[in-house]
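> Need coordinates for the below:
(one chain, ligands or ions: 2)
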Amino acid sequence: KANAQIEEKKHCNIGTIGHVDHGKTTLTAAITKILSKDGLATYVSYDEIDRAPEEKARGITINAAHVGYSTKLRHYAHTDCPGHADYVRNMISGASQMDAAVLVVAANDGPMPQTREHLLLAKQVGIQYILVFINKADLVDNELLELVEIEMRELLSDFGYDGNTVPMICGSALKALNGDESDFGAPSIRKLLKTMDEYVPPIVRDLKSPFLMPIDNAFTVPGRGTVVIGTIKRGIMKRNDEADLLGFGYNIKTTISDVQIFKKSVTEALAGDNVGVLLRGMKIKSVETGMLLTATKSCQMSNHYKAKIYFLTRSEGGRKKPIFSKYSQQMFSGTWNIACRIDLDPSMNMMMPGDHGEVYLTLLEDMVMTQGQPFTIRENNVTVATGIVTDTLK
Ligand code: GDP
Ligand code: MG
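Ligands and ions are numbered 1, 2, ... in the order given. Sure, this is the predicted structure:
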């Protein structure tokens with residue numbers, strides 16, 4: 001047996017999303033204030049969160065605050081962004097891969113355009129768990145609260161979430177932040193935290209799917225052969241398993257002769273393990289960083305993908321001119337890059353810097369790209385766009 005423990009991940013990435021001014025930052029501050037009383041968080045004030053530092057994420061500047069706090073059950077890393085554009089960029093670039101999101105909606109406004117847009121993005125980038133916090137409950141009566149809840153359930157269903165089961169908590173982030181102990185004050189925040197703990201399951205490693213490992217490195221062991229290094233993303237890899245080495249147009253059949261964890265041979269290794277894998281009959285020059293080692297016949301390569309993309313504005317270092325179909329540049333993802341053509345959705349004539357939308361990618365060679373995989377597009381060594389794969393096309 002591999003010595004790796006199948007541990008439940010005691011950590012969860014979460015974030016506040018929703019329309020501007022609906023109370024995302026106030027809620028974030030209120031959470032830290034309430035948990036700080038139990039010694040589970042350091043209180044982070046509204047101003048500290050909103051003065052989010054500029055972040056260099058894959059060469060793109062995103063303003064985002066990362067606030068850490070714990071409940072009795074687990075640790076959360078919470079992302080709150082100051083502006084709408086920051087959310088779009090943050091989510092599309094996958095800069096903070098959220099396991100769950102708290103969708104904040106102000107009861108006096110109901111769902112607004114950015115409520116919809118963030119929900120759409122959440123679905124497209126694969127955020128599985130949404131919780132709704134109906135905020136500013138202090139400003140409306142109960143009938144209106146119920147109406148907003150009904151509207152939100154319909155909206156969630158429209159975007160492919162299960163509107164019937166998504167938890168909804170009514171409250172007032174501002175009251176809670178001001179230390180109010182009435183129903184809509186601090187108790188509503190405690191209820192939200194309890195729901196987060198219960199509704200979002202612990203993130204567990206996928207041991208059921210066929211194994212998949214991106215290649216980080218490769219070297220030759222004299223007298224033995226080629227060893228590839230990487231972290232198994234999913235599944236279980238066993239000695240003598242048949243495997244495919246995929247990428248850059250190549251699909252090379254091989255067999256796993258040996259698996260090592262911390263330089264010791266094991267009969268199997270699990271998702272999450274960092275391993276060295278000896279591949280039978282493999283030539284070192286056939287292996288390139290960015291290729292994948294997969295269980296045989298478990299992955300399809302393609303050079304056509306659908307993606308969600310954001311073109312940086314001039315002031316973000318992007319282009320100044322619009323983008324038309326057949327736009328060809330170098331794509332970067334993880335440790336590899338490849339020539340790529342971008343075609344716009346047929347409904348669109350062009351995209352301007354600052355725009356985001358759906359595009360079609362054609363890579364020079366077949367690769368394996370998975371849903372949610374982030375990438376950037378560079379033009380003359382400057383990042384002009386960032387995106388995330390949403391679908392593999394034939
Ligand atoms: P964000 O843009 O979503 O981050 O919203 P903010 O947290 O900046 O809040 C926008 C405004 O709404 C601020 O003036 C807050 O004080 C106010 N606000 C936030 N939560 C509540 C609430 O529960 N009740 C009331 N009445 N106002 C709130
Ligand atoms: Mg804010």
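> Return the residue spatially closest to residue 288, with its sequence-adjacent residues excluded.
residue 248 (5.8 Å; Cβ to Cβ, 6 or more residues apart in numbering). (Glycine included, C-beta is placed from N, CA and C.)
> In contact with the residue nearest to residue 79 when sequence neighbours are not counted, which residues are there?
Excluding the flanking residues, the one nearest residue 79 by Cβ to Cβ, 6+ apart is residue 15, at 3.7 Å. Applying Cβ atoms under 8 Å, 6 or more residues apart in numbering to residue 15 gives the contacts 78, 79, 80, 81, 96, 98, 101, 102.
> May I have the strands that pair with the helix or strand hosting residue 15, each with its orientation?
Following DSSP states H and E, one finds residue 15 within strand 11-17. Sheet partners assigned to strand 11-17 using DSSP bridges are listed as strand 75-80 (parallel), strand 100-106 (parallel).
> The first one near ligand 1 at all?
To tie it back to what came earlier, the one meant is strand 75-80. No. Strand 75-80 lies apart from ligand 1 when judged by Cβ under 6 Å from any ligand atom; the minimum separation is 7.0 Å.
> most packed of the strands paired with strand 11-17?
strand 100-106 (a mean of 25; mean count of other Cβ atoms under 10 Å).
> That one near ligand 2 at all?
No. Strand 100-106 stays clear of ligand 2 (Cβ under 5 Å from the ion), getting no nearer than 9.3 Å.
> Can you add mean pLDDT and give the strands paired with strand 11-17 back as JSON lines?
Conversion of the strands paired with strand 11-17 to JSON lines gives the following (pLDDT from 0 to 100):
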{"stretch": "strand 75-80", "mean pLDDT": "92"}
{"stretch": "strand 100-106", "mean pLDDT": "97"}
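> got those as CSV, with distance to residue 157 columns?
Shown next, in CSV, are these (distance: least, Cβ to Cβ, whole Å):
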stretch, distance to residue 157
strand 75-80, 25
strand 100-106, 14
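> Relative to residue 156, how far out is residue 107?
Separation of residue 107 from residue 156 (Cβ to Cβ, to the nearest Å) stands at 16 Å.
> What of residue 83?
24 Å.
> Same check on residue 14?
17 Å.
> following the strand holding residue 15, which helix or strand shows up next?
helix 24-36.
> Please give the centre-to-centre distance between that following helix and its chain.
Relative to its chain's centre, helix 24-36 lies at 23 Å (Cα atoms, centre = their mean, to the nearest Å).
> how big is the angle separating that helix from strand 100-106?
Counting by axes from the mean of the first three to the mean of the last three Cα atoms, to 10 degrees, helix 24-36 lies at 120 degrees to strand 100-106.
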